[in-house]
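In: What would the 3D arrangement of this be:
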Amino acid sequence: MSATPLLSVRNLTRTWDGLHGCHDVSFDLYPGEVLCVVGESGSGKSTLLQALSMQAPAQRGSVSYDMRESGLTDLATLSSARLRLLARTDWGFVRQHARDGLRMQVSAGANIAERLMAVGERHYGNLREVAGTWLEKMEIDLARLDDVPGTFSGGMQQRLQIARNLVTHPRLVFMDEPTASLDVSVQARLLDLLRRLVADLGLAAVLVTHDLAVARLLAHRTLVMQGGRVVEQGLTDQILDDPQHPYTQLLVSSILQG
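Out: Predicted coordinates:
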């Protein structure tokens, strides 16, 4: 594991009304590592994800990222233009509802190619070829390349959104409940695909979920949130097999009893 974290978070606080949100969150994320943030609805996990990705910047504390050209850099010091470029190239953001992360009026191929164009690719043939390759990686028929996302099933839309995010080979991907809106059989297939992609591409990821089974399958480490604060964090197997905090124990036992 690299000695330098890819993402370093210190005392991060972001609230909407002084109370609801996240408070004093600190952790380091290393290249190739998957961190799951778990907790019930209202625990602050989605606010944390927005703050980490600078969609709702921190009010206190810091988020630093290992920039390719300048090393570990406080994201609050970057211009809006630089942050937008980072979000289009070196980061991905997979949203719970695929429609929120896709351009529904353009073809599947164009959705993928748009991200490639952000890193300078302009050759039409190359764009189509790479887009087609990614459709096949996502287990979507190549014949659907020119179809618009509205003609796809929910699971296919989510796979297309993932392809759109990963085509530029980002080093860090944020995922907000990526399987929550899908039925159980589609969830299982998507999770298996995600696990393979994360391993094959060496991705680092911060994944928000209320489903401990998702954490078990995908995450190296897990961070448990309650009431906007981290109450426990550690290796995923350790957290789930031997939870120390009463809230984590409650989460784990409710899954076992369910």
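In: Name the spans of the stretch 1-150 of the chain whose pLDDT lies under the cut-off.
Out: When residues are selected by pLDDT under 70, those of the stretch 1-150 of the chain lie in 1-2.
In: again, only this time at 50
Out: Of all residues in the stretch 1-150 of the chain, none has pLDDT under 50.
In: End to end on stretch 228-239, go ahead and measure it.
Out: 19 Å (Cα to Cα, to the nearest Å).
In: got the buried residues for that stretch?
Out: Gly228, Val230, Val231, Glu232, Gln233, Gly234, Thr236, Ile239 (16 or more other Cβ atoms under 10 Å). Where C-beta positions appear, they are placed from N, C-alpha and C, glycine not excepted.
In: cool, and stretch 108-121?
Out: Here stretch 108-121 shows Ala108, Gly109, Ala110, Asn111, Ile112, Ala113, Glu114, Arg115, Leu116 as buried, counting by 16+ other Cβ under 10 Å.
In: Sort out which of those residues are in helices and list them.
Out: Ala108, Gly109, Ala110, Asn111, Ile112, Ala113, Glu114, Arg115, Leu116 (DSSP state H).
In: Now the third one: closest residue in space, sequence neighbours ignored.
Out: Looking back up the chat, that one is Ala110. Spatially, and ignoring its direct neighbours in sequence, Ala110 is nearest to Arg103 (7.3 Å; Cβ to Cβ, 6 or more residues apart in numbering).
In: which SS class is the one you found?
Out: coil (DSSP: H, G, I helix; E, B strand; the rest coil).
In: Correct me if wrong: it contacts Gly109.
Out: No. Using Cβ atoms under 8 Å, Arg103 is not in contact with Gly109, being 11.6 Å away.
In: Identify the residue spatially nearest to Gly234, adjacent ones excluded.
Out: According to Cβ to Cβ, 6+ apart, the nearest residue to Gly234 is Arg221 (6.6 Å).
In: what's across from the one you found in the sheet?
Out: Leu35, Leu235 (DSSP bridges).
In: circling back: now, which of the buried residues of stretch 108-121 sits nearest Arg10?
Out: Arg115 (30.3 Å; Cβ to Cβ).
In: wait, what's in contact with the closest one?
Out: Residues near Arg115 by Cβ atoms under 8 Å, 6 or more residues apart in numbering: Arg88, Arg164, Asn165, Val167, Thr168.
In: How many residues are close by the last one?
Out: By that I understand Thr168. 19 (other Cβ atoms under 10 Å).
In: Any figure for the gap between it and Gln158?
Out: 18 Å (Cβ to Cβ, to the nearest Å).
In: where exactly do the helices run in the stretch 1-150 of the chain?
Out: 45-52, 80-89, 108-118, 124-137 (DSSP state H, counting those that start in this stretch).
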